[in-house]
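Visitor: just coords:
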């Protein structure tokens, strides 16, 4: 029809004009997100390196000691808040004044100014070789025969009666008593046959005392004074010792000095 008037769609050009702004906004958001993650990565690197330096310095570790630091959560908000919520530091074959083992330290609510820590524990895992080295300091203990078989530590020795040597096997249950590691006889074997403590006494008399005794081991002098042995257990082929860490270790230099036995 000659009289038809074209219909104009109002607003279409305006919608087309808004698309560049949407794209620009997405680009800006992407840049901000990228900057945040870059800043977070930098902050995490700075924090973990600082923790490595503090741990190495306070524990007098060798320069080539390798250990991992895990800071849980996003770091930047924690830095703004002035404390780290949850940190784990772990290292293998750590030597502390003659005492070696794989060490894991877990701490929570650590003030960045070093004034406080909410809670902290350490776990030390010793394999049979490392435990033998520790037990070598105990007079009379046959550390060369020591083995680990969950849930106990095992040793073997001999008792002589009328000139005849009888092989004795002992399974020892580990525990923590007043901060010491204690190995207590749990089961006995004579020439491979299970016997009770009373049967061993009847057969060997006072000689059996050398086998039926507890074996206490003071480890306080091998650790900072702020660490106290709380639990000990065998897990798999390792002895796992858990230590409580005094919150005052951050502020009291005496707590970082060697303990005493």
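Guide: Now that the structure is in, tell me what you want to look at. Since the model is a prediction, treat every value here as computed from it, not as a measurement. Numbers count the residues shown, from 1 in each chain.
Visitor: need the contact list for residue 233.
Guide: Residue 233 sits next to 151, 174, 239-240 when contact means CB atoms under 8 Å, 6 or more residues apart in numbering. Heads up, the C-betas are built off the backbone N, CA and C, glycines and all.
Visitor: In ChimeraX, select just the buried ones from those residues.
Guide: Buried members of those, defined by 16 or more other CB atoms under 10 Å, are picked up in ChimeraX with:
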select :174,239,240
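Visitor: Tell me which entries of the contacts of residue 233 lie within strands.
Guide: 174, 239-240 (DSSP state E).
Visitor: For the residue most central in space within the chain, what are phi and psi?
Guide: The centroid of the chain falls nearest to residue 104 when counting by CA atoms, centre = their mean (1.8 Å). For residue 104, the backbone dihedrals are phi -130, psi 120 (criterion: degrees, to the nearest 10).
Visitor: That one: what's it in contact with?
Guide: Residue 104 is in contact with 88-90, 122-123, 125, counting by CB under 8 Å, 6+ apart.
Visitor: Look up the pLDDT of residue 94 for me, please.
Guide: For residue 94, the pLDDT comes out at 84.
Visitor: cool, and residue 202?
Guide: 93.
Visitor: Determine the three-state secondary structure at it.
Guide: Local secondary structure at residue 202 is given as helix here, using DSSP: H, G, I helix; E, B strand; the rest coil.
Visitor: I'd like the distance between it and residue 163.
Guide: Note on residue 202: its distance to residue 163, by CB to CB, to the nearest Å, is 19 Å.
Visitor: With residue 53 instead?
Guide: 62 Å.
Visitor: can you check residue 66 too?
Guide: From residue 66 to residue 163 the distance is 54 Å (CB to CB).
Visitor: Could you check which of these two is surrounded by more residues?
Guide: The residue with more neighbours, out of residue 66 and residue 163, is residue 66; 9 against 5, by other CB atoms under 10 Å.
Visitor: For the more buried one, which residues are in contact?
Guide: Going by CB under 8 Å, 6+ apart, residue 66 touches 91-92.
Visitor: how about it, phi and psi?
Guide: Note on residue 66: its backbone torsions stand at phi -100, psi 130 [degrees, to the nearest 10].
Visitor: Pull up the per-residue confidence for it.
Guide: So, for residue 66, pLDDT stands at 79.
Visitor: So residue 157: helix, strand or coil?
Guide: Assigned state for residue 157: strand (three-state reduction, three-state DSSP).
Visitor: so what's it up against?
Guide: Counting by CB under 8 Å, 6+ apart, residue 157 touches 142, 145, 167-168, 170, 210-211.
Visitor: Distance check, residue 157 against residue 86.
Guide: 46 Å.
Visitor: Check residue 92 too.
Guide: Distance of residue 92 to residue 86, computed by CB to CB: 22 Å.
Visitor: repeat for residue 154
Guide: Between residue 154 and residue 86 the distance is 37 Å, computed by CB to CB.
Visitor: do the same with residue 100
Guide: In terms of CB to CB, residue 100 sits 27 Å off from residue 86.
Visitor: Of the two, which one has the most company?
Guide: Neighbours were counted for residue 100 and for residue 86 using other CB under 10 Å; residue 100 has more, 20 against 15.
Visitor: Following the host helix or strand of the more buried one in sequence, what is the next regular element?
Guide: Secondary structure assigned from DSSP states H and E places residue 100 in strand 99-111. Going down the chain from strand 99-111, the next helix or strand is strand 117-126, by DSSP H and E.
Visitor: Pairing partners for that following strand, with directions?
Guide: The pairing partners recorded for strand 117-126 under DSSP bridges are strand 99-111 (antiparallel), strand 238-245 (antiparallel).
Visitor: how many other residues sit next to residue 90?
Guide: Considering only other CB under 10 Å, residue 90 is surrounded by 16 other residues.
Visitor: Hmm, it is touching residue 101, no?
Guide: No. If you go by CB atoms under 8 Å, residue 90 and residue 101 don't touch, sitting 11.5 Å apart.
Visitor: close enough to count as contact, residue 109 and residue 85?
Guide: Yes. Contact between residue 109 and residue 85 holds when scored by CB under 8 Å: they sit 6.6 Å apart.
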